[in-house]
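Participant: Curious how this folds, go ahead:
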Amino acid sequence: MDAFSSGLIELAEACCATRGEDLPAAVRARAIGILADDIGAILSAAKEPEIEAAHAAALRRGSRPEATVYLPGLHRVAIEDALYLNAMAGCWCETDEGYRPVTCHAGLYVLPALLAEAERADLRLDDVVRCLVLGYEICARLAECFRFPTPRVHAHALFAPVGAAAATLLARNAPAPTLARGIATAATLASIGPRTHLARGYLSRNLWAATGAVAGWQAAGMAQIGIHAGTEAPMDVYGDILGGAGNVSALTDGLHEGWAVSKGYHKLYACCQHGHSAVEAALDCASDPAYDADRIRVIEVETHPLALGLSNPSPETILGAKFSMEHMVAAPLRYGHGGQAAFSSVALDDPIVARLRALVRLGPAGPPADPRFDRASRVVVHLADGEALDRTCLVATGSPDRPLSDAAFLDKLRDAGGEVLPRLASFVETSARGLGNLAWRDVVETMRGAARADAHRF
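Facilitator: Next up, the predicted model:
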């Protein structure tokens, strides 16, 4: 057996042997945060016209009610529709959680399938948490295994099928050999989502995770009945075809010594995380008493390689703005924040933002003195009188080395939950208090503030 297959089987065996009680309290709490944050990310897209149209189309089909779409109405639709809509909406506003060491949004890849399976099998909250932690572990380790020197295909396209397959099989308590084969099969269903399409703002980018969610869920079912690839298949796809490094040891190094969910980030700003340090440096400049947007002559931005690949001074869509370094600096300078309103259609068409975008000059930052600072940015705002406002952000807020405060995170969840899930933040605050045996359907009811009489309440 080849080294990759051996590593994948060992990883699958370790995950299948892990019980909920094996997870440290801090890991469980972190998983609860990811769960709530990514459901909030789905809800944050509720008023986007394209999401409203896709949601309405699914409801018109009148399919069998199998799984919840976490959008207004909390309608239940066919599993495939729920997977697709939840994954598409989850990445739409760029507010979902992500994995910091490499580009990988493992929560987004795992949760759509996991939430559907939680309803189908009436899983408890503890079961959902366990499957999220382990599915996240699988996704993150595969992403670590296949680092790409120059990323050309986006992680949503590469790893969403893997996360969905892993979540589905973990939720179904499949044996380790089936889990390994399902993961391998899902890897062969990866799509080719060009990373260049991010800065171009093509909305088709938001379909990559959605297509992967359905494909991975289907691959899991096929693996259970004997239709699968060989366990070496991910190496064929990510290594031989796409040129990933193939660091096989990443599959098994330090199993149970640390958990991938602990290395993730929560977003304070509604744009690509690669630009968050530039957003913060720009906000620091805008807070200076000498700052005056009308007097800006040039905006210099020194940043890291991943961010340098996101240059687009004239984005045409909201998604394009979220992946435009020029907009990620200009909009915060204009509005004094980096929230969703700074990346709205109003901000996109704002003549002041357009003028500031045109003044941005991007350049490379020097090599980081510390590995934690590999996504640092420096912003220098040159004013007409010759004064320069110079700010550097080494680590963006929300990163593992500089986490969001509890208050800021709960505020984000309250805003995202809105009227649909008004107790989303309360779920995070109280989930450790004996709610592990609560069925997932009842958890959703408590988030709505409408729990059944026999259910625990927050």
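
Participant: how near is Leu242 to Phe148?
Facilitator: Distance of Leu242 to Phe148, computed by CB to CB, to the nearest Å: 7 Å. C-beta here means a position set from N, CA and C on the backbone, and glycine is covered the same way.

Participant: Surely Leu310 is in a helix?
Facilitator: No - counting by DSSP: H, G, I helix; E, B strand; the rest coil, Leu310 is not part of a helix but coil.

Participant: Next, the contact list for it, please.
Facilitator: Leu198, Ala199, Cys272, His274, Gly275, Phe323, Ser324, Met325, Met328 (CB atoms under 8 Å, 6 or more residues apart in numbering).

Participant: Dump the residues you listed to a markdown table, plus distance to Glu387.
Facilitator: Output for these, formatted as a markdown table (distance: CB to CB, whole Å):
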| residue | distance to Glu387 |
| --- | --- |
| Leu198 | 34 |
| Ala199 | 31 |
| Cys272 | 30 |
| His274 | 29 |
| Gly275 | 25 |
| Phe323 | 31 |
| Ser324 | 26 |
| Met325 | 23 |
| Met328 | 23 |
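
Participant: Which single one of these is nearest to Glu429?
Facilitator: Cys272 (29.1 Å; CB to CB).

Participant: burial measure for that closest one, as a count.
Facilitator: Cys272 has 23 neighbouring residues, counting by other CB atoms under 10 Å.

Participant: change the start of the numbering to 97 and stick with it
Facilitator: Let's use 97 as the start, then, which means that last one is Cys368.

Participant: so what's it up against?
Facilitator: Shown in contact with Cys368 (CB under 8 Å, 6+ apart): Glu190, Leu294, Leu406, Lys418, Phe419, Met424.

Participant: For the strand or helix carrying the last one, which helices and strands make contact with it?
Facilitator: In other words, Met424. Assigning secondary structure by DSSP states H and E places Met424 in helix 421-431. Counting by 3 or more CB pairs under 8 Å, 6 or more residues apart in numbering; DSSP states H and E, the packing neighbours recorded for helix 421-431 are helix 372-382, strand 392-399, helix 414-418, helix 441-444, helix 447-454, strand 456-460.

Participant: Pop the domain breakdown of this protein in here.
Facilitator: 99-361, 369-489 (automatic domain parsing).

Participant: Output the ones you listed as CSV; include the columns mean pLDDT and distance to Asp538.
Facilitator: Listed next are those as CSV, based on pLDDT from 0 to 100; distance: least, CB to CB, whole Å:
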stretch, mean pLDDT, distance to Asp538
domain 99-361, 96, 9
domain 369-489, 95, 30
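
Participant: so of those, which one's packed in deepest?
Facilitator: domain 99-361 (a mean of 21; mean count of other CB atoms under 10 Å).

Participant: got the end-to-end distance for it?
Facilitator: Terminal residues of domain 99-361 lie 31 Å apart, using CA to CA, to the nearest Å.

Participant: Show the residue spans covered by the strands in the chain.
Facilitator: For the chain, the strands defined by DSSP state E cover 163-164, 172-173, 194-195, 360-361, 392-399, 456-460, 473-479, 484-489.

Participant: isn't Thr327 right up against Thr274?
Facilitator: No - using CB atoms under 8 Å, Thr327 makes no contact with Thr274, being 11.1 Å away.

Participant: Just give the nearest non-adjacent residue to Gly532, would you?
Facilitator: Spatial nearest neighbour of Gly532, excluding adjacent residues (CB to CB, 6 or more residues apart in numbering): Asp222 at 3.8 Å.

Participant: again, but for Asn343
Facilitator: Nearest to Asn343 is Cys241, by CB to CB, 6+ apart, at 5.4 Å.

Participant: So that neighbour sits against Val333, correct?
Facilitator: No - using CB under 8 Å, Cys241 and Val333 do not qualify as a contacting pair, with a distance of 11.7 Å.

Participant: Now render the helices and strands packed on helix 421-431 as TSV, adding distance to Leu509.
Facilitator: Below are these laid out as TSV (distance: least, CB to CB, whole Å):
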stretch	distance to Leu509
helix 372-382	19
strand 392-399	29
helix 414-418	20
helix 441-444	23
helix 447-454	28
strand 456-460	32
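
Participant: For Ala137, which of those is the nearest?
Facilitator: helix 414-418 (12.7 Å).

Participant: For that closest one, what is the distance to the chain centroid?
Facilitator: Here the centre of helix 414-418 is set off from its chain's centre by 16 Å, with CA atoms, centre = their mean, to the nearest Å.

Participant: got the contact list for it?
Facilitator: Contacts of helix 414-418 (CB under 8 Å, 6+ apart): 144, 188-190, 294-299, 301-302, 366-368, 408, 411, 423-424, 427, 439-441, 443-444.

Participant: Next: stretch 480-495.
Facilitator: By CB under 8 Å, 6+ apart, stretch 480-495 touches 196, 361-365, 369, 372-378, 380-381, 384, 386-387, 391-393, 466, 468-469, 471-479, 497-498, 500, 504.

Participant: First-to-last residue distance for that stretch?
Facilitator: Start-to-end, stretch 480-495 (CA to CA) is 35 Å.

Participant: chain center to that stretch: distance?
Facilitator: That offset, for stretch 480-495, works out to 26 Å (CA atoms, centre = their mean).

Participant: ok, now how distant is the residue of the chain positioned farthest from its centre from Asp134?
Facilitator: Here the chain reaches farthest from its C-alpha mean at Asp481, the gap being 42.3 Å by CA atoms, centre = their mean. Distance, Asp481 to Asp134, using CB to CB: 46 Å.

Participant: repeat for Val375
Facilitator: Counting by CB to CB, the separation of Val375 from Asp134 is 21 Å.
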